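Q: Quick one, structure for this:
(one chain, ligands or ions: 2)
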Amino acid sequence: MRHSILMLSLAVALAAGCQREATPAADTTAPPAAAATQAVDANADEHSYSEPDKVKTSDLALDLAIDFANKQLAGTATYTLEWLDPGATQLVLDTRDLTIEKIEGAGKDGQWSPLKYTLAENDKILGSKLTIDVPERSTTVRVTYKTSPDASGLQWLTPEMTEGKQGPFMFSQSQQIHARSWVPLQDTPRVRFTYSAHVTAPKDAMVLMSADNDPKAARDGDYSFKMPQKIPSYLLAIAAGDLVFEPISERAGVWAEPTMAKKAAAEFADTEKMIQTTEQLYGPYRWDRYDILVLPPSFPYGGMENPRLTFATPTVIVGDKSLVSLIAHELAHSWSGNLVTFSSAKDAWLNEGFTSYVENRIVEAVYGKELADMENVIERDELKSEFTEDNKALQALAVKPGVLKDPDENLSSTVYTKGAWFLQFLEQRFGRDVFDPFLKEYFDHFAFQSIPTATFVEYAKANLLAKHPGKVSDAEFDAWIYEPGVPATAPQTLSQRFSIVNAARIAWVGSAQLPAPAITSKWGTQEWVHFIEGMPETLTHEQLAQLDAAYHFTGTSNGEIAQRWYPLAVRSGYAEANEAIAAFLQRVGRRKLIIPIYKELVKTPEGLQFAQDVFAKAKPGYHPITTGSVEATIAEAQKPVATKPQ
Ligand code: BES
Ligand code: ZN
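A: Ligands and ions are numbered 1, 2, ... in the order given. Predicted coordinates for the structure are as follows:
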């Protein structure tokens, strides 16, 4: 399922930025938002200071030590550079909250010599521009650095914050522009590089990266990794903790804390089937292994498509495989995103829209059309509530330069749901026999490249529209890409199973008569979600208590249900749920599940107080990204209401 993950982080970088002031001498020549104002080229990346047209990183070699006690990564990053502009003698890197110790360049003789550099003042969204003078245009440059304990792209957990409570845990989340908080680099998807890493850690911690993890690796505190395919920086990932491996198939498996591993492998047992389904549709899986790392519940997202090692929230492990479309989604990114990559956050739909479309195709093939339809309806309903008069600029698939201030602020209904809907429209008009091979060729044609929306538009017009005339006009196509809202050409989906749910809800609201257990016993997560979502704005205490007595929504272990039930309970003043709400908000850090609850709470003074109290307790366990979102939600509620001048 897709949701407001992008919108939620509106003020994350803002909040995170406040903690970071200690930056060395400012580079006064460049105003902090220079990258944004320079972006005259519609295809440029406004969210990176790096100048990849001048010099490009082709390989990154990391040598890092994980220090749990100091919540720090320390070591070196060595870049192999391709100098493109003959006049260029500077390498510009993105950084955020890094302590730079020294920078050296390798001479022709292989000897290292120091290079001069300036670290600009911190910009709250973009971080600090690191400008390195490389007068000899060395092809190898090395930065010695360490991270800050509150690096926005890392979370450090104490043993108590893990499932097994045996040892500490750490993990990265680099997308959108957080890689720069743990590695100085050209943090733009326009630059693709291979990487290798040597990482040391305490002996009992297993270290994994978005690279060639070995299921049989010995835990000896010393790890080496290689990622031979070129990836963009946002796919750089690392995790360390008490992790064990559980196989699913020859090439797929699960890494998790020991108490979770078997359960996770059972939930994700269909992963191999999903890989084969996607291969049949879109060509071979090109990344060797596909493993899933199950993170602690504080992981701020549902999933992250780190190559060869999807990072996943444990909240989708509900025992009945009903939420494994998340795996279909992250796996789909192995084609849409990791293979063919957007070239800037403005083009997020090229990653997420395509992936949501492919996800739905995988769900349909593996679990059937009924489930795929229900998921479509849930997402489109959400789109309808998310699209307002105020956010029109973010409703076009192609976002105009300068509109996206924070790259995490792209409207999720646009990039996920409208993006997928557009491809469903094309599929319907051209038919699968034409559209499937078209997409397969698209993935092949642009494999290992990063492209803007304009490149897709040009490719589709030449290879789909022009080759099959009379199916879709340029104007119909362009309306999806450049206009706000959802075009009238959008295909509609009717879910049979939801018709039953709707009837059951309407009957209950009218007569207090609950649906027969013979009906509800067949309901899965999606039906329950739809049942709750269609409820009137508020319910009476009696009604809520009746539902609770029958279905035990309060205290549910299913986060998707909690995400819908608790806001309804809060809106309706149902205090019986408070204890369970507090427990849920302290256990789970996945923003999509908890922010809707915080948002509902902060609407009343008592609710705001409750939210602040719970947040104070939960905060030490939250990821910096989640903390930023909750703080922004609370701050928004505290803003004085603007009064109209008399
Ligand atoms: N790549 C995204 C996560 C992401 C997007 C992180 C933008 C940071 C910025 C990932 O593939 C994703 O979409 N995750 C979703 C789950 C999915 C089933 C819609 C999530 O985390 O909720
Ligand atoms: Zn995604």
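Q: Dump stretch 78-89 to CSV, keeping only the CA atoms.
A: What follows is stretch 78-89, C-alpha atoms only, in CSV (Å, rounded to 0.1, in the frame of the first residue of the first chain):
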residue,chain,number,x,y,z
THR,A,78,38.2,7.0,-1.5
TYR,A,79,36.8,8.1,-4.9
THR,A,80,37.8,7.1,-8.4
LEU,A,81,37.1,10.2,-10.5
GLU,A,82,36.4,10.8,-14.1
TRP,A,83,37.2,14.4,-14.9
LEU,A,84,34.8,15.5,-17.7
ASP,A,85,35.3,19.2,-18.0
PRO,A,86,38.8,20.0,-19.1
GLY,A,87,38.9,23.2,-17.1
ALA,A,88,37.7,21.7,-13.8
THR,A,89,40.0,21.5,-10.8
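Q: And for it, what's in contact with it?
A: Stretch 78-89 has contacts (Cβ atoms under 8 Å, 6 or more residues apart in numbering) with 51, 53-63, 91, 133-135, 137-143, 185, 193. Where C-beta positions appear, they are placed from N, C-alpha and C, glycine not excepted.
Q: hmm, 6 Å instead?
A: Residues lying outside stretch 78-89 but in contact with it, judged by Cβ atoms under 6 Å, 6 or more residues apart in numbering, are 54-61, 134-135, 137, 139, 141-142.
Q: burial of H552, as a residue count?
A: 11 (other Cβ atoms under 10 Å).
Q: One more: S58?
A: Around S58 there are 14 other residues, counting by other Cβ under 10 Å.
Q: for Q280, same thing?
A: Q280 is surrounded by 11 other residues when neighbours are defined as other Cβ under 10 Å.
Q: Also P135?
A: A count of nearby residues for P135, using other Cβ under 10 Å, gives 10.
Q: which one is it nearest to, not counting chain neighbours?
A: Setting aside the residues directly before and after it, P135 is nearest to T89 in space (Cβ to Cβ, 6 or more residues apart in numbering), at 5.3 Å.
Q: burial measure for that neighbour, as a count.
A: 14.
Q: got it, and L84?
A: The local packing count at L84 equals 12, with neighbours defined by other Cβ under 10 Å.
Q: list the contacts for E305?
A: With contacts defined as Cβ under 6 Å, 6+ apart, E305 is in contact with 330, 333, 337.
Q: Look up how far ligand 2 lies from it.
A: In this structure, E305 and ligand 2 are separated by 6 Å, where distance is defined by Cβ to the ion, to the nearest Å.
Q: go on, I597?
A: From I597 across to ligand 2, the span is 23 Å (Cβ to the ion).
Q: before we move on, what SS does that residue have?
A: With DSSP: H, G, I helix; E, B strand; the rest coil as the basis, I597 sits in helix.
Q: nearest spatial neighbour of it, skipping sequence neighbours?
A: Nearest to I597 is Y566, by Cβ to Cβ, 6+ apart, at 4.7 Å.
Q: Confirm for me that that neighbour is in contact with P596.
A: No. Shown here, Y566 and P596 do not form a contact pair, counting by Cβ atoms under 6 Å, at 8.0 Å.
Q: What number of residues are in the vicinity of the residue nearest to I597?
A: Other residues near Y566 come to 28 when the count uses other Cβ under 10 Å.
Q: where does it land in three-state SS?
A: Here Y566 is recorded as helix under three-state DSSP.
Q: before we move on, back to that, what is the nearest of the contacts of stretch 78-89 to F225?
A: Sorting the contacts of stretch 78-89 by distance to F225 puts A61 at the head of the list, at 10.4 Å, by Cβ to Cβ.
Q: Tell me if the closest one really is in a strand.
A: Yes. Going by three-state DSSP, the assignment for A61 places it inside a strand.
Q: tally of neighbours for it?
A: Based on other Cβ under 10 Å, the number of other residues close to A61 is 17.
Q: still on that earlier bit, neighbour-wise, which of the contacts of stretch 78-89 leads?
A: Of the contacts of stretch 78-89, V55 is surrounded by the most neighbours, 25 neighbours in total, counting by other Cβ under 10 Å.
Q: Model confidence score at the residue of the stretch 401-550 of the chain found nearest ligand 2, please.
A: Among residues of the stretch 401-550 of the chain, the one nearest ligand 2 by Cβ to the ion turns out to be Y416. It sits 7.4 Å away. Looking at Y416, its pLDDT reads 98.
Q: helix or strand for the residue in the stretch 51-200 of the chain that ligand 2 sits nearest to, which one?
A: The shortest separation between the stretch 51-200 of the chain and ligand 2 is 8.9 Å, found at Q175 (distances taken as Cβ to the ion). Under the criterion DSSP states H and E, no helix or strand holds Q175.
Q: Grab the nearest non-local neighbour of it.
A: With Cβ to Cβ, 6+ apart as the criterion, Q175 has its nearest non-adjacent residue at 4.1 Å, and that residue is Y234.
Q: which SS class is the one you found?
A: Following three-state DSSP, we place Y234 in the helix state.
Q: from memory it sits against S174, does it?
A: Yes. Using Cβ under 6 Å, Y234 makes contact with S174 at a distance of 4.9 Å.
Q: For ligand 1, what's the nearest residue on the stretch 101-250 of the chain?
A: When you check the stretch 101-250 of the chain against ligand 1 by Cβ to the nearest ligand atom, the closest residue turns out to be Q175, at 3.8 Å.
Q: Tell me how many other residues crowd that residue.
A: Taking other Cβ under 10 Å as the criterion, the count of residues near Q175 is 25.
Q: What distance do you get for the closest residue to ligand 2 within the stretch 451-600 of the chain to ligand 1?
A: Across the stretch 451-600 of the chain, no residue is closer to ligand 2 than K592, which sits at 12.0 Å (Cβ to the ion). Distance of K592 to ligand 1, given as Cβ to the nearest ligand atom, to the nearest Å: 5 Å.
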